[in-house]
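Trainee: Okay, sequence plus prediction incoming.
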Amino acid sequence: MAHEPPHTMGQQHGRRSWAEPWKIKMVEPLAVTTREERAAALVEAGYNTFLLRSRDVYIDLLTDSGTSAMSDRQWAGMMLGDEAYAGSRNFYNLEAAVQRFYGYRHIVPTHQGRGAEHLISQTLIKPGDHVPGNMYFTTTRLHQELAGATFHDVIIDEAHDPESLHPFKGNMDLAKLGALIDEVGADRIPYVSLAGTVNMAGGQPVSMANVRALRALCDRHGLRLLLDATRMVENALFIQEREDGYGDMPIAAILREFCSHTDGAWMSAKKDNLVNIGGWLAVNDDAVFEELRNLVVVYEGLHTYGGMAGRDMEALAIGIEESVQDEHVRSRVGQVRYLGELLTEWGIPIVQPVGGHAIFLDARRFYPHLEQDLFPAQTLAAELYLDSGIRSMERGIASAGRDPETGDHHRPKLELTRLTIPRRVYTQAHMDVVAESVKACHDARDSARGLRMVYEPKYLRFFQARFEPIS
Ligand SMILES: *Cc1c(COP(=O)(O)O)cnc(C)c1O
């Protein structure tokens, strides 16, 4: 019973509701707008939800990045900021927390995840190298490409199928990886880039068996294995629920075991780690650490703050400890699952199984009459905002960008609109409101006409692109 999704807990004994394992100590009022106001805001934002002002948003499901609510303990920690330029005591607390819960030897703090990605890419990648990964993440792949590498997606095929019920759709396909090693040679692969969970596949987990096998393969070829640990805590819950032998193991122990199969990790602490800003990079190798500790000074700040204030590092150290508590993780993923179950019940197409941090609406099946060049997922995000003021984001053709060689759109199989749930921020009642608004858009789906892109930035275009409705 301990590992059932929270909202079904105890149902065999009659109705026993689940509730969030926290109570509210401070509130932030939500903006309620009219449909006319939302229509005007959409025009001003070029139909891109990234360009909306948050004051015009009711329930903000744009991202789970930096949007968590901190605990009273974390806020108390903010008062203990040691704002020394060098050797802040908060850094040593952060270092100890990463070592204790993730198990790596050396820590480099960074201002957020992409700062860490930049440092590791510049340190390990040489022009002409190849980096294999399980699907890709926007900033991760971009930093690898900017350092001169070609990225190769070696995730299992099931990850690209939104209807596949594979329990570990984030797994690497070892045959694809093996073929790449044969093709380019292990000496052109600076590291294998493993992410748990896989955001772009719908928050899908990697199994312990997969990372173990991957480790063995990497050892045979002398390859480094690095982890994008951004949502690895959520990944650990899926291992606890779905993988034989882990049902009784605490999340914290599963996390440590998983990380022990890798040589290092980068982290966007704005996700799992429950802070509004921050990141870190961790490695076991002494020589690589030397290099990173030197480079961080150039781009982020001294190696004992890396772009964070002392108070931010203290909140992060406490956040790490809170983030691995079983009650917390179960409630966090359970809330996402609750929303997913409502939508599934109502016949709305979403990526299955429901992942750890978000619901991904399948815009291809939602709007079967819209071809991908009409930006169906972007269209759905705009329609949802217009209906209720709920902000979501596109994860489809706009996010995928263009092939740097041919200049053509990447055309991802997955054309998704993401409803991302911030941690410890919204209640189950908010999830009901979200589900009802998605249903209203689904009921009106035949009238959607799609969008055309009228402004396209060069890098990570989805953030700032502008669109106009097709009339
Ligand atoms: C957010 C994210 C990053 C980048 O981190 P930032 O803190 O946004 O710079 C890297 N990888 C994954 C999987 C992420 O979700």
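Mentor: Sure, I can see it. Source: prediction; values computed, not measured.
Trainee: and the stretch 151-300 of the chain, which of its residues are near the ligand?
Mentor: Counting by CB under 6 Å from any ligand atom, the stretch 151-300 of the chain comes close to the ligand at 195, 199, 228, 230, 268, 270-271, 279. In this view, the C-beta of every residue, glycine as well, is placed from N, C-alpha and C.
Trainee: The most centrally placed residue in the chain: what's its closest spatial neighbour, skipping adjacent residues?
Mentor: Note on the chain: the residue nearest the mean C-alpha position is residue 199, at 4.7 Å, using CA atoms, centre = their mean. Nearest residue to residue 199 in three dimensions, chain neighbours excluded: residue 137, at 5.8 Å (CB to CB, 6 or more residues apart in numbering).
Trainee: Isn't that neighbour up against residue 200?
Mentor: Yes. Using CB atoms under 8 Å, residue 137 makes contact with residue 200 at a distance of 6.3 Å.
Trainee: And those two? Which one has more around it.
Mentor: Neighbours per residue (other CB atoms under 10 Å) separate residue 137 from residue 200, with residue 200 holding more: 25 against 21.
Trainee: Specify the local secondary structure of the more buried one.
Mentor: helix (DSSP: H, G, I helix; E, B strand; the rest coil).
Trainee: Residue 152 now?
Mentor: strand.
Trainee: measure the residue in the stretch 51-200 of the chain that the ligand sits nearest to to residue 42 for me?
Mentor: Residue nearest to the ligand within the stretch 51-200 of the chain: residue 113 (2.3 Å; CB to the nearest ligand atom). Plainly put, residue 113 is 29 Å away from residue 42 if you go by CB to CB, to the nearest Å.
Trainee: pLDDT averaged over stretch 103-121 - what is it?
Mentor: Average pLDDT, stretch 103-121: 98.
Trainee: Same check on stretch 35-50?
Mentor: According to the model, stretch 35-50 has a mean pLDDT of 98.
Trainee: Please apply the same query to stretch 385-403.
Mentor: In this model, stretch 385-403 has a mean pLDDT of 95.
Trainee: So which bits of stretch 311-321 are buried?
Mentor: Buried residues in stretch 311-321, counted by 16 or more other CB atoms under 10 Å: 311-321.
Trainee: ditto for stretch 368-384
Mentor: In stretch 368-384, counting by 16+ other CB under 10 Å, buried: 370, 372, 374-384.
Trainee: same thing with stretch 344-351?
Mentor: Within stretch 344-351, judged by 16+ other CB under 10 Å, the buried ones are 348-351.
Trainee: Output those residues in CSV, with pLDDT appended to each entry.
Mentor: Shown next, in CSV, are the buried residues of stretch 344-351 (pLDDT from 0 to 100):
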residue, pLDDT
348, 98
349, 97
350, 96
351, 91
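Trainee: ok, these vs residue 161, which is closest?
Mentor: Nearest to residue 161 among those: residue 351, at 9.4 Å, using CB to CB.
Trainee: how near is the closest one to residue 383?
Mentor: Taken as CB to CB, the span from residue 351 to residue 383 is 19 Å.
Trainee: Would you verify that residue 468 is located in a helix?
Mentor: No. Counting by three-state DSSP, one finds residue 468 to be strand, located in no helix.
Trainee: got the phi/psi numbers for the nearest residue to it once chain neighbours are set aside?
Mentor: Distances taken as CB to CB, 6+ apart put residue 454 closest to residue 468, at 5.2 Å, once the chain neighbours are dropped. Backbone torsions of residue 454, given as degrees, to the nearest 10, read phi -110, psi -10.
Trainee: what does residue 295 give?
Mentor: phi -70, psi -30.
Trainee: Residue 402 now?
Mentor: Torsion angles at residue 402 (phi, psi; degrees, to the nearest 10) stand at phi -120, psi 150.
Trainee: Number of residues surrounding it?
Mentor: 13.
Trainee: ok, residue 348 touching residue 438?
Mentor: Yes. Using CB under 8 Å, residue 348 is in contact with residue 438, at 5.9 Å.
Trainee: quick one: common contacting residues for the two?
Mentor: Shared contacts of residue 348 and residue 438 (CB atoms under 8 Å, 6 or more residues apart in numbering): residue 361.
Trainee: The residue of the stretch 151-300 of the chain found nearest the ligand: what's it in contact with?
Mentor: Shortest the stretch 151-300 of the chain-to-the ligand distance, computed as CB to the nearest ligand atom: residue-wise this is residue 268, at 3.1 Å. Contacts for residue 268 (CB under 8 Å, 6+ apart) come out as 65, 112-114, 116, 230, 279.
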